[in-house]
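Q: coordinates only, sequence not included:
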């Protein structure tokens with residue numbers, strides 16, 4: 001079973017028609033996952049056989065008349081980390097809140113994983129993790145800066161503040177699979193930064209291509225499916241996910257007195273209102289009853305966050 005993430009920025013005239021065609025095609029190919037379609041392009045993660053994913057890419061390359069083939073980030077899993085196939089219409093395929101930013105027209109210079117190691121060890125280069133704070137906490141590159149964002153929509157505020165301090169700084173930026181960097185580096189160039197680099201293919205490509213002795217990644221890499229995180233070998237990592245707040249949970253978090261499966265964790269125990277807590281507690285009870293009857297409760301084991309556009 002392969003799990004493959006992909007994206008392509010381009011101008012789409014009829015995203016709704018493409019959504020209908022992709023939904024039908026993916027179901028025929030027995031693919032599972034999520035694909036986002038917007039006027040700015042496509043972004044998705046699907047799980048299925050190698051032949052099915054290749055058929056999807058061939059269909060997209062033909063229908064969209066792409067000049068270059070789609071470059072997916074391929075990993076393997078024992079079972080599909082999704083329960084169904086969804087193709088959805090969105091305003092943006094990755095939500096920055098700046099629809100004027102067009103990565104297919106202007107974006108940062110792509111740097112291969114081999115070049116990346118040399119770049120991030122340069123003391124004159126500011127290495128920026130464009131992902132959210134909870135992703136940074138699971139793992140990141142050495143010397144990387146955490147923008148302390150809870151969602152990618154908050155990144156422009158961090159970028160404006162950085163530009164006001166010094167827009168002459170050389171920047172090296174990275175994310176999980178490359179898509180957020182396409183927009184983040186384009187935003188930085190729009191704010192006046194001249195030397196902006198991004199890790200080609202993101203963290204997943206880096207972990208796939210770089211030998212262990214040359215690997216500068218620390219920790220695990222958060223992914224937007226039920227695996228929660230993958231390790232250096234791209235195998236399923238040691239994190240779980242809180243159903244209430246969707247943050248990744250370490251073994252220490254799970255052993256905390258503030259953790260209640262399906263209801264709360266140390267990160268959200270003080271944020272959870274009583275009404276939502278009651279709903280989550282009832283859901284937990286229903287799952288336990290379903291287990292006792294030997295059936296699968298609807299929603300059980302679904303990833304708390306499986307939308308690659310957030």
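A: Ah, there it is. Keep in mind that this is a model prediction, so the values were computed, not measured.
Q: count of residues packed around residue 24?
A: For residue 24, the count of nearby residues is 12 (other C-beta atoms under 10 Å). Any C-beta I mention is one placed from the backbone N, CA and C, and that applies to glycine too.
Q: go through the helix or strand hosting it and flag the buried ones.
A: Per DSSP states H and E: residue 24 is located in helix 15-28. Neighbour counts using 16 or more other C-beta atoms under 10 Å place 15, 18-19, 21-23, 25-26 of helix 15-28 among the buried residues.
Q: for residue 280, helix, strand, or coil?
A: helix (DSSP: H, G, I helix; E, B strand; the rest coil).
Q: just give the nearest non-adjacent residue to it, would you?
A: Leaving aside its sequence neighbours, residue 280 sits nearest to residue 263 (C-beta to C-beta, 6 or more residues apart in numbering; 4.5 Å).
Q: look up the pLDDT of that neighbour for me, please.
A: pLDDT for residue 263: 84.
Q: surely it touches residue 269?
A: No: applying C-beta atoms under 8 Å as the test, residue 263 and residue 269 come out as separate, 9.3 Å apart.
Q: pick out whichever of the two has more residues nearby.
A: Neighbour comparison, residue 263 and residue 269: the larger count goes to residue 263, with 21 against 18 (by other C-beta under 10 Å).
Q: how close does the more buried one get to residue 247?
A: Noted for residue 263: a distance of 14 Å to residue 247, by C-beta to C-beta, to the nearest Å.
Q: okay, now the domains of this structure?
A: With automatic domain parsing as the criterion, the domains of the chain are listed as 2-89, 109-221, 240-293.
Q: end-to-end on the last one?
A: Spelled out, it's domain 240-293. 25 Å (C-alpha to C-alpha, to the nearest Å).
Q: also stretch 172-184?
A: From its first residue to its last, stretch 172-184 covers 11 Å (C-alpha to C-alpha).
Q: hmm, back to that, make TSV out of the buried residues of helix 15-28 and add pLDDT.
A: Below are these laid out as TSV (pLDDT from 0 to 100):
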residue	pLDDT
15	94
18	96
19	96
21	95
22	96
23	97
25	97
26	97
